[in-house]
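A.B. asks: need a structure here:
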Amino acid sequence: MERLLDFGRKAMFYVRVLSGYEERRIRSYRLQIQQRLEQAQKRKADIEKVPEQIILTEVRRMVEDMKSMNKKLEETEAAIEEYFKPIDKEAEYILKAQLEGEEKTMKQMMKAMQTQALFEKAEAEKAANLETTKTDRSVQESTSSDDRAQVR
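C.D. replies: You can find the predicted model right below:
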């Protein structure tokens, strides 16, 4: 009996193969598996994109936070500058007064140095004149003593 059933199964299989039923069934099964594979790959790609999207969202949020922080910093700097403007003006006025005082002192020192230089120059000229006068006298004396000696 088993042989008869086995023979019947084989006969049915041959009928299905010859009619093309089995080939269509195999193609259909292969198409289902291919579709499942594509869906699985698509889900995998979507899952891989999620961390990227999360990271991008975090980066965007951090950039926005940094922009707002920079804006607050600029506002704070402007407020500090406004607060210290009067002090800066006073400091500038004091610095200007000090510079003017130093400039005045420097001019006085330059004037004193010029006066001193002129005085030293005049003294040097006097000393030179005295030296030339002494040398002239000694030359005259030596020439006159030479003349006296020749006259004798």
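A.B. asks: burial of Arg16, as a residue count?
C.D. replies: By other C-beta atoms under 10 Å, 14 other residues sit near Arg16. C-betas here are computed from N, CA, C, even on glycine.
A.B. asks: which element is the closest residue to it other than its chain neighbours on?
C.D. replies: If the residues on either side of it in the chain are set aside, Arg16 comes closest to Glu22, at 4.4 Å by C-beta to C-beta, 6 or more residues apart in numbering. Glu22 belongs to helix 21-151 when assigned by DSSP states H and E.
A.B. asks: helices or strands up against that helix?
C.D. replies: Judged by 3 or more C-beta pairs under 8 Å, 6 or more residues apart in numbering; DSSP states H and E, helix 21-151 is in contact with helix 2-19.
A.B. asks: who touches the helix it packs on?
C.D. replies: Glu22, Glu23 (C-beta atoms under 8 Å, 6 or more residues apart in numbering).
A.B. asks: just to revisit the earlier point, how close does the residue nearest to Arg16 sit to Ile80?
C.D. replies: Remark: distance between Glu22 and Ile80 (C-beta to C-beta, to the nearest Å) = 87 Å.
A.B. asks: Who has more neighbours out of the two?
C.D. replies: Using other C-beta under 10 Å as the criterion, Glu22 and Ile80 rank with Glu22 on top: 14 against 10.
A.B. asks: residue ranges with poor pLDDT in this protein?
C.D. replies: 139, 141-152 (pLDDT under 70).
A.B. asks: Fine, thanks again, bye for now.
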